[in-house]
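When you get a sec, could you give me coordinates for this:
(chains A and B)
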Amino acid sequence: MADQNESPEAQEMAAVQDPAAQKNAQLLALLHRLFGAETFTDVEEPYGLLTVTTTRERIHDIVAGLQQDQELQLNFLTTMCGMHFPDREGQELGMVYHLHSLTQNIRLRLKIFFPIADPVVPTLTDLYATANWMERETYDFYGIIFPGHPNLVRILNVDDMDYHPMRKEYALEDGTREDKTDLFFGR
Amino acid sequence: MAVNDTLEGTRKIVEEAEVQRPNLHPLAPSVNDFNQELTTLNLGPTHPATHGIFQNILQMDGERIVSGVPTIGYIHRAFEKIAERRPFYQITPLTDRMNYCSSPINNMGWHMTVEKLLGVEVPKRAQYIRVILMELARITDHLICNGILGVDTGAFTGFLYLMDEREKVYEIYEEVSGARLTTNMGRVGGMERDFNDVAIAKLRAWLKTFPAVMAEFEKMFNRNRIFMDRVVDVGAISAERALNYGFTGPNLRAAGVDYDVRVMNPYSSYQDFEFEIPVGTKGDTYDRFMVRNEEIWQSLRIINQALENLPEGPYHADAPHYYLPPKQAVYKNMEALIYHFKIVMGEIEAPVGEVYHSVEGGNGELGFYLVSDGGRTPYRLHFRRPCFIYYQAYTEMVTGQTLSDAIVTLSSMNVIAGELDA
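Numbering: from 1, shown residues only, chains lettered A, B, ... in the order given. Below is the predicted model:
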């Protein structure tokens, strides 16, 4: 993982030496070439895995473009999952996609964030059959809607459940208790 | 003629009655289905041949399956939600209960994820011990799958012999961790204890006796005409579809794609060992069976190499912030007491960050996506569960097949309900 404080030249030097960083640089260049540099924000490499943030308007194009791309062949959807950050105004909900190239052995993590009042994300089921249940699970847990999904119903929880349990608004412990003020135990 | 008249009459009555029928279940057969004479069959939720609690509502045309609707979630325990309240070391028992046929792999995968986040380097001896245990777990996982596939095709004997061998592996687990099925094995930073002499002796004895049993099992099934008639060309999936469905592990390799996390992204010193990745050609039930058999032999190779070259040295990392001190030291040593208290009470802080780590589980790429906000528990933990991902292809794989084929296909895919539902 490249140190954030290093100068760009030093980072480039490190990238030349480390094959994984070299691959990430190649992938990032490809992303910029195919979809434009302005599409991606927050480019990071936590623990060697290239992570970029984009918008939900572009996510379908990007995944489709990478699936068709012959240079790096990121055509395996490893997993996707939802996330909830209640403190981020207008960006409360998120989706995280992990793509993998089985020929080049490169992984890419794509993130999108959007407001909880409008939890709508384009479906990937037309690109990947495996996205079907992953999106149903995300809908079940976070209430994210995927227009175009063939069968967007709950998958793991019971059908008549009227809330989305993985949202951070449901604490596992009673948050109103006043007899217990131990800071280390409350989240 | 009379019969036809009667049938027409019956249909008419049914069609008229349709108007008055109350709210039907959406999956209940309609008049159209009746006319095509399709039968609705509930395969599961509790059926001995499904080996777990999941339901398939099948539309049958005689013996052939026309379509199916899978229902899952019967043993959903909300592990991802529970994990958001648990310190890292208390999440290990949750991973036990995902693929409970190979829980050591789940345990080690989780420890390695946390170690990656914390930046802890595990000593070579601990890595080799982990490899031995993970490969034992892979063998037991494949033994269950192939043994039960034998049972489903009518051969009970092979299963019993294999279970005898699995029992011996569980005795080795017992020596290492004290538990058999849900092992809660190892710690963040290494192993909780070293291999003792009994464990080594049991392992060596098992390595001597098991190959003969395995060879016998293979002799009984691999070229058995009755068995092959039941499994060849049954429940096949092409490599392209398998990849599109996110298949990993033996099921993907049976379709001809040589993707194995142990080779592609070696962890825990897998790069030190010589082994091969068996692949199939057609992705049918027979290929899945053969791939698993061969993987058992390759796992034995890895175990033998790891045991022969087991390095000397510590069995856990020198990471006192994360690795519990020995209990004796806690009573006598001030630092040990402090670290013990801090770890147990959850005052240890983890770095802020996100990490994805995957291991080759019994059924494929078992991934852990961990988001840490610096607290004692994960902010978000997502499990990439191979069973959950590939089971959705089941309906497509059995459409057009007979019911008995659907049973062996399900069996050979090795769908473990705990991992499916998490």
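
Grab the longest helix from chain A for me.
helix A:19-35 (DSSP state H).

who does that helix touch, helix- and strand-wise?
helix A:8-17, strand A:50-54, helix A:56-68, strand A:106-114 (3 or more CB pairs under 8 Å, 6 or more residues apart in numbering or on different chains; DSSP states H and E). C-beta coordinates here come from the backbone N, C-alpha and C atoms, glycine included.

let's see it at 6 Å
Here helix A:19-35 touches helix A:8-17, going by 3 or more CB pairs under 6 Å, 6 or more residues apart in numbering or on different chains; DSSP states H and E.

Check the average confidence over the helix it packs on, would you?
In this model, helix A:8-17 has a mean pLDDT of 57.

ditto for stretch B:68-81
Averaging pLDDT along stretch B:68-81 gives 91.

Tell me the helix or strand right after the longest helix of chain A.
Next in sequence after helix A:19-35, counting helices and strands by DSSP states H and E, comes strand A:41-44.

Direction included, what does that following strand pair against?
strand A:50-54 (antiparallel) (DSSP bridges).

Give me the angle between the strand it pairs with and helix A:56-68.
With axes from the mean of the first three to the mean of the last three CA atoms, to 10 degrees applied, the angle from strand A:50-54 to helix A:56-68 works out at 140 degrees.

contact partners of strand A:50-54?
Strand A:50-54 has contacts (CB atoms under 6 Å, 6 or more residues apart in numbering or on different chains) with A:24, A:27, A:39-44, A:108-109, A:111-112.

could you point out which element follows the longest helix seen in chain B?
What stands out as the longest helix in chain B, according to DSSP H, is helix B:124-152. Following helix B:124-152 in sequence order, the next helix or strand is helix B:156-177 (DSSP H and E).

Residues in contact with that next one: which ones?
B:136, B:140, B:143, B:147, B:150-151, B:180, B:183, B:185, B:198-199, B:202-203, B:206, B:210, B:213, B:217, B:220.

How about stretch A:146-157?
Contacts for stretch A:146-157 (CB under 6 Å, 6+ apart): A:121, A:123, A:125, A:135-137, A:139-140, B:73, B:76.

Save those residues as JSON lines, and put in distance to A:Ile155 too.
Below are those laid out as JSON lines (distance: CB to CB, whole Å):
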{"residue": "A:Val121", "distance to A:Ile155": "17"}
{"residue": "A:Thr123", "distance to A:Ile155": "15"}
{"residue": "A:Thr125", "distance to A:Ile155": "13"}
{"residue": "A:Glu135", "distance to A:Ile155": "9"}
{"residue": "A:Arg136", "distance to A:Ile155": "4"}
{"residue": "A:Glu137", "distance to A:Ile155": "5"}
{"residue": "A:Tyr139", "distance to A:Ile155": "8"}
{"residue": "A:Asp140", "distance to A:Ile155": "5"}
{"residue": "B:Gly73", "distance to A:Ile155": "6"}
{"residue": "B:His76", "distance to A:Ile155": "9"}
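
Nearest to B:Phe368 among the residues you listed?
Relative to B:Phe368, the closest of these is A:Glu137; by CB to CB it sits at 16.0 Å.

what's the lowest-pLDDT member of the contacts of stretch A:146-157?
Note: of those, the lowest pLDDT belongs to B:Gly73, at 90.

what helix or strand is the residue in the stretch 151-300 of chain B that chain A sits nearest to on?
Distances between the stretch 151-300 of chain B and chain A by CB to the nearest CB are smallest at B:Gly246, namely 3.3 Å. Using DSSP H and E, B:Gly246 falls within no helix or strand.

Next, count neighbours for the closest residue to it other than its chain neighbours.
Leaving aside its sequence neighbours, B:Gly246 sits nearest to A:Thr130 (CB to CB, 6 or more residues apart in numbering or on different chains; 3.3 Å). Counted with other CB atoms under 10 Å in any protein chain shown, the neighbours of A:Thr130 add up to 26.

ok, now how distant is A:Thr130 from B:Tyr369?
16 Å (CB to CB, to the nearest Å).

pretty sure B:Gly68 is touching B:Gln59, no?
No: shown here, B:Gly68 and B:Gln59 do not form a contact pair, counting by CB atoms under 6 Å, at 7.2 Å.

in the chain, which segments are predicted with low confidence?
Since no chain was named, I'll use chain A. Along chain A, segments meeting pLDDT under 70 span A:1-17, A:171-187.

Not quite, go with chain B.
Confidence mapping of chain B against pLDDT under 70 gives the ranges B:1-36.

Could you count how many residues lie near residue 55?
Just so you know, I chose chain A. By other CB under 10 Å, the residues close to A:Thr55 number 13.

Oops, wrong one, chain B.
The number of residues near B:Gln55, taken as other CB under 10 Å, comes to 19.

Run through the bridge partners of it.
B:Thr71.

Let me see the contact set for it.
B:44-45, B:71.

Narrow those to just the buried residues.
Using 16 or more other CB atoms under 10 Å in any protein chain shown as the burial test, the contacts of B:Gln55 include B:44, B:71 as buried.

picking up where we left off before, which among the contacts of helix B:156-177 count as buried?
By neighbour count, with 16+ other CB under 10 Å, the contacts of helix B:156-177 hold B:136, B:140, B:143, B:147, B:150-151, B:183, B:185, B:199, B:202-203, B:206, B:210, B:213, B:217 as buried.

Mind telling me the two of the residues you listed farthest from one another?
Between any two of the buried ones among the contacts of helix B:156-177 (CB to CB), the greatest distance is 30.5 Å, for B:Val151 and B:Ala199.

ok, back up a step: pretty sure the residue nearest to B:Gly246 is touching B:Thr248, no?
No: assessed by CB under 6 Å, A:Thr130 is found out of contact with B:Thr248, at 10.3 Å.

hmm, back to that, hmm, B:Phe388 and the residue of the stretch 151-300 of chain B closest to chain A touching each other?
No: applying CB under 6 Å, one finds B:Gly246 not in contact with B:Phe388, separated by 9.5 Å.

Give the full set of residues in contact with the residue of chain A found nearest chain B.
Nearest residue of chain A to chain B (CB to the nearest CB) works out as A:Thr130 at 3.3 Å. Going by CB under 6 Å, 6+ apart, A:Thr130 touches A:77, B:245-246, B:389.

Show me what from chain A comes close to chain B.
Contacts of chain A with chain B, taken as CB under 6 Å from any CB of the partner chain, map to A:46-47, A:49, A:77, A:79, A:81, A:83, A:102, A:105, A:128-130, A:132-133, A:156, A:165-166, A:172, A:184.

Could you tell me which of those residues count as buried?
Listed as buried from the residues of chain A next to chain B are A:46-47, A:49, A:77, A:79, A:81, A:83, A:102, A:128-130, A:132-133, A:156, A:165-166; burial here means 16+ other CB under 10 Å.

SS state for the most centrally placed residue in chain A?
The residue lying closest to the centre of chain A (CA atoms, centre = their mean) is A:Val96, at 1.4 Å. Classification of A:Val96 using DSSP: H, G, I helix; E, B strand; the rest coil returns strand.

Perfect, that will be all.
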